[in-house]
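1. please find the sequence and the predicted model below.
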Amino acid sequence: MSYRSARENVRRDQRLLVSEDAGRTFEDRPIDEWEIGACPVTTTTLSTAPDVVRVAWETDGRVFYAPVDRLDAPVEPDGEIRFRRKNPVVAVNSRGDTLLAWGDGSGLRAGGTLHWRLFDAGGHPLGEQGSDTSVPSGSAPWAIVKPDDSFLLLF
């Protein structure tokens, strides 16, 4: 489980709870630190493939993803950040190809522009990306992997 902490009224770090014994015990792992004196209202997602689990999150208007066993090596999409990137969603297929999608705009579920980027198993950008579709207010992107290993992006 991935979550945003709320410690000392300014520590809004992204965290990951991991269990390797079927839920009997959990380890709380740091993902990304963020010091902000407000509730940032962010979202996070997890996606699994046969050999990997990836987590996506937002920190300070930027979106990232990382394999849960390599949280020290986050991947961030390139490109100019014109507005707050928010509501990241990650999907990974059986080859390890990863789709990261997000919206940009002023707040959680406030609409904006949908962006997406494909990465290979090593986190390197593939040629495919997009940013033309408007996300309606009250919506956020979501992605799934289809049986043929292609991706379906919804909002």
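-> Nice, I can see it. Numbers count the residues shown, from 1 in each chain.
2. give me the most central residue, the protein.
-> The residue lying closest to the centre of the chain (Cα atoms, centre = their mean) is Ala56, at 2.0 Å.
3. which SS class is that residue?
-> strand (DSSP: H, G, I helix; E, B strand; the rest coil).
4. just checking, it touches Asp32?
-> No - using Cβ atoms under 8 Å, Ala56 is not in contact with Asp32, being 11.1 Å away. Bear in mind the C-beta positions are built from the backbone N, C-alpha and C, glycine included.
5. name the residues contacting each of the two.
-> Shared contacts of Ala56 and Asp32 (Cβ atoms under 8 Å, 6 or more residues apart in numbering): Phe64.
6. show me where the protein has its strands.
-> Secondary structure of the chain by DSSP state E: the strands cover 2-4, 14-18, 27-32, 44-49, 52-59, 62-67, 85-92, 98-104, 112-119, 125-130, 134-135, 142-145, 151-154.
7. who touches the spatially closest residue to Arg84 that is not a sequence neighbour in this structure?
-> Of all residues not flanking Arg84 in the chain, Gly61 sits nearest, at 4.0 Å (Cβ to Cβ, 6 or more residues apart in numbering). By Cβ under 8 Å, 6+ apart, Gly61 lies in contact with 81, 83-86.
8. same thing with Ser131?
-> Neighbours of Ser131 in contact, by Cβ under 8 Å, 6+ apart: 113-116.
9. thanks again, I'm all set now.
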